[in-house]
Each structure stands twice: as C-alpha cells, then as structure tokens.
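>>> The sequence and its predicted three-dimensional model are supplied below.
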Amino acid sequence: KFDKASGTSLTHTAQITLGQWHHVAMTFDYSGGVLTMFIDGVGVSVTSANWVSDIDAYFDASQYNLVFGVNRSNGYPLDGQLTDIRFAAGVIRYTADFEEPKAKLPTAIDASVGTRLATDIVSCTRSTTATFRGSNGLIQTAAVNTPRVEYDASGNALGLLVEESRTNMLTKSSDITHSDWSAYGSLGVTGGQADPAGGTDAVTLNDSSASAAGQLVQVTATGTAGATYTGSIYVKKTASAASELLLRVKGSGEANNNCKVDTLNGVVSGNSTAKIEDVNSDWWRVSVSATLSGNVTITMSIFPAHADAYGGSYNVGSIGSHIVYGPQIEQGEAATSYIPTDTTTETRAADDITLATSSFGYNTAAGTTAVDFTLRETTDNYPRVYEVSADTNNRDSLFYAAPSTSLRTEVKESSSSTAWTLVSGVNF
C-alpha cells in the first residue's frame, strides 16, 4: 500500500506470503500522473493529477529523506529482510507486467555515492538493438544504447555482455518456413512452435521418409578466403532418446563442417569446432565453424535425422523430427548473441561501454581494479578487458594478446608505453 496522509491510497491486492521473498517495485510517471505498484511483476496503477502535487511536496529532498524499513519518524518497523534495493531517477523501468528476477541483481559497483548497479552507472553506445538472455531464460531485446546483462541457464547474472559488431548473413532467420529456405528429401516444415524468445516462431523439421535424407538449406552471399564463419541454431531439448540432429556449415565446393547433436544429453561431436550451450530448461544452442579456402558462398544445412556426422554419406533410413529456431551465420570463431533477420541480412552494432571515473572515485596515484571476464574467441589481436584513458596517448589497459595467449597490462603516457605480461600461454 502506498499512502499519503491526506490523499488517495494505492493498494495492491497480491497476497504477501510470510517467510517467502517477494519482488516489489514502484514507478511514477510525473507527466501523466500515473503511479504503479508491482508485486512479483504484476502491476496495479492509479492515475490522478493530485499525485503530481503530492510528489512535488513529499519527494522534496530538502525536507524529506528516503528511508527503508520504517517511516520517517522511525515508526512502523518492518519485521523482515530487504535486499537488492535500486532507485532509478528519470527512468520508468517497468511499463507493463514483467517476469520478476529469479536471482540477485547484476554486479554492483561500490561507489562513493553509494552502491548502484553497473547497468545504471555505465554509458552504453550501440546504434542498433541487440538480444541477450534474461533472468527468465528467454531471449530478450535491449533498446538502442542500452547495456545488456547476460544470465546463465539457471538465472544467475553473468555480467555485462559486450560484443563486437556482427552480421547474420542468413535471411528470414525468424521465419524458416519462408521460401528463402529450401527443403529437400520430402522434409516436413511446420511453423507456429513455442520459441526461446517467448514467441511462436520455432519450427518443427520432420524427416519421415526412409528413402531420402531430409534437410533444410540456405546459401549465403560470398565469404572471404581465409576467414572463419560460424553457424548456430537453437534446438529444442528432448525428454527421451531421439534422432540426432546434424547442423552443417560449409563453403561451396569445400569440406563439410558438421555438428552432431544429442538433444537428450546435450552432447555434440563431429568437428573440433562443434559447441553446445545450455540456454534454459527447454533449449540448447549449437554451433560449428568453417574456415574458407576461397571466396565462395556459404551453405547452412539442418538435418533433423542424422546418420553420419563425419562424412558426406547419409543413412536414408534414418527418420525423426526436431524443433529449431534462430539460425545464424556470422564471420568469427564463435557464435554471438542472436541477430533476427527478415528479408535482408542484419547487423548488430558493437557495444561501447564506458564509465566516468567520477562514478567510483578513481585515484591516479594508487588503486586496484578487479574484473571477472570470459572470452568467446581470441582471433582479434589485443582485445581490451578494460582501459582507463584520457586519449589514445594516455591510457592504462588490461588486454589479451591473442597471438601469444598472454594477459598483459600497459601504461602509456605521452606516446611512451610500458607493458607487463601477467599470465602467458593461457587460453581464457
């Protein structure tokens, strides 16, 4: 209940269960006079012009403080616990019912002005939208210039997701029933299945023929000789033994690069680049890479009933079906966040994440920086983990030197630099 001594109250009817954690949020739209209370992601609102004058009077920092667990006179104490408190000024964080977080909020930064979330105090520049896995395990979309926090399959926050620019070279990735995709071998393609983004754009691929190898195929534009391209797709988990799905990526006239997928146990084989990721309780994401010998087109093929992961022959007697979603081919050694496409290829812009040193009391004389990080690939020379800089000639960097697999730090002042190798011969 939100109350004002001489005004209208806002009461939420949700049941508060003793001994259980609940997520509570309040938002106020000053321009519209709308006050909304959310309990466990379900909102109740009231609209009144009176709320504007109430907010002006009762949220006057010169007269009142923001307190928790009691009222401003230290009365009405709360007999319970509070955690992960966040106050966002100038942002209506929740505009509709939402899936409440299943884990602690993302990594916080302890600043001189208090503890605030990394996503609240960093600045993100990215000229396009971008997807990420949310705390509910579903693929979500972040708006332009909005930082992303990635979660694992159990709903644990992994940290800020920072990626370079990538292009999904496939078209109609969100509608693989479209004619941009070609079905062979009497393959059945049925859309309208629940997908890992919370929609119904997944597709069932059914190979019911014992006389032909069913496959779904699309050929991309020409790739670059010597470059590595990675194909990926989401595959629905199966509760019992099923036919093994095969994902293939290859350059025209070049060797097959196959990823054989055991959808029950989450195991891949068939190529040293084959990878599998646990997305949530219902989905895997699998990938395989191909390095081109020439400037040739790239083909992705999806076989729902696999027979031979290592060669080019097939057991045409194999039958079976699988549900798939979100195919992607991109230049790089590893799959990055999903890039939905329609009639044309789409590019996700790079993330540029910055944090003003005034936000955490940076001291030029002495200090310690602690960073947990992971790398998806190491082909780029000297990818930065972090850099504190005024300009290109004055900086303090921690970076990974890919050619020598070493973690290095560098201090550069007025074009003169000194670098130290911290760890050598280690792949992160």
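Structure received.
>>> quick one: Val144 is in a strand?
No: assigned with DSSP: H, G, I helix; E, B strand; the rest coil, Val144 falls outside any strand and is coil.
>>> Mind pulling the model confidence for it?
Predicted confidence (pLDDT) for Val144: 95.
>>> Quick check: the gap between it and Thr167.
According to CB to CB, to the nearest Å, Val144 and Thr167 sit 17 Å apart. Any C-beta I mention is one placed from the backbone N, CA and C, and that applies to glycine too.
>>> And those two? Which one has more around it.
Counted by other CB atoms under 10 Å, Val144 and Thr167 do not tie: Thr167 has more neighbours, with 17 against 12.
>>> quick check: mean pLDDT across the host helix or strand of the more buried one?
In the assignment (DSSP states H and E), Thr167 maps to strand 166-168. Mean pLDDT, strand 166-168: 97.
>>> Show me what that strand pairs with in its sheet, parallel or antiparallel.
strand 346-348 (antiparallel) (DSSP bridges).
>>> For the very next helix or strand once past the partner strand, which outside residues touch it?
Downstream of strand 346-348, the next assigned helix or strand under DSSP H and E is strand 352-354. The contact list for strand 352-354 (CB atoms under 8 Å, 6 or more residues apart in numbering) reads Val122, Ser123, Cys124, Thr125, Arg126, Pro147, Leu160, Val162.
>>> The fourth one pairs with what?
Put plainly, it is Thr125. Asp352.
>>> what's around it, how many residues?
Thr125: 13 neighbours (other CB under 10 Å).
>>> Is the residue lying closest to Phe28 once chain neighbours are set aside in a helix, a strand, or coil?
Sequence neighbours aside, Leu35 is the residue nearest to Phe28 in space, at 5.2 Å (criterion: CB to CB, 6 or more residues apart in numbering). Following three-state DSSP, we place Leu35 in the strand state.
>>> Just the buried positions in stretch 228-243, please.
For stretch 228-243, a neighbour-count test (16 or more other CB atoms under 10 Å) marks 228-238, 242-243 as buried.
>>> wait, stretch 24-37
Ala25, Thr27, Phe28, Gly33, Val34, Leu35, Thr36, Met37.
>>> And the residues you listed, which is closest to Gly134?
Ala25 (15.9 Å; CB to CB).
>>> and the helix or strand where the closest one lies, which strands flank it?
Using DSSP H and E, Ala25 falls within strand 24-29. Strand pairing for strand 24-29, using DSSP bridges, gives strand 34-39 (antiparallel).
>>> sorry, back to before: what's the offset of the strand holding Ala25 from the middle of its chain?
Centroid separation between strand 24-29 and its chain, computed with CA atoms, centre = their mean, to the nearest Å, is 25 Å.
>>> Quick one: mean pLDDT over that strand.
The average pLDDT within strand 24-29 is 82.
>>> where in the stretch 251-400 of the chain is pLDDT low?
307-317, 358-372, 376-382, 384, 386, 390, 392-396, 398-400 (pLDDT under 70).
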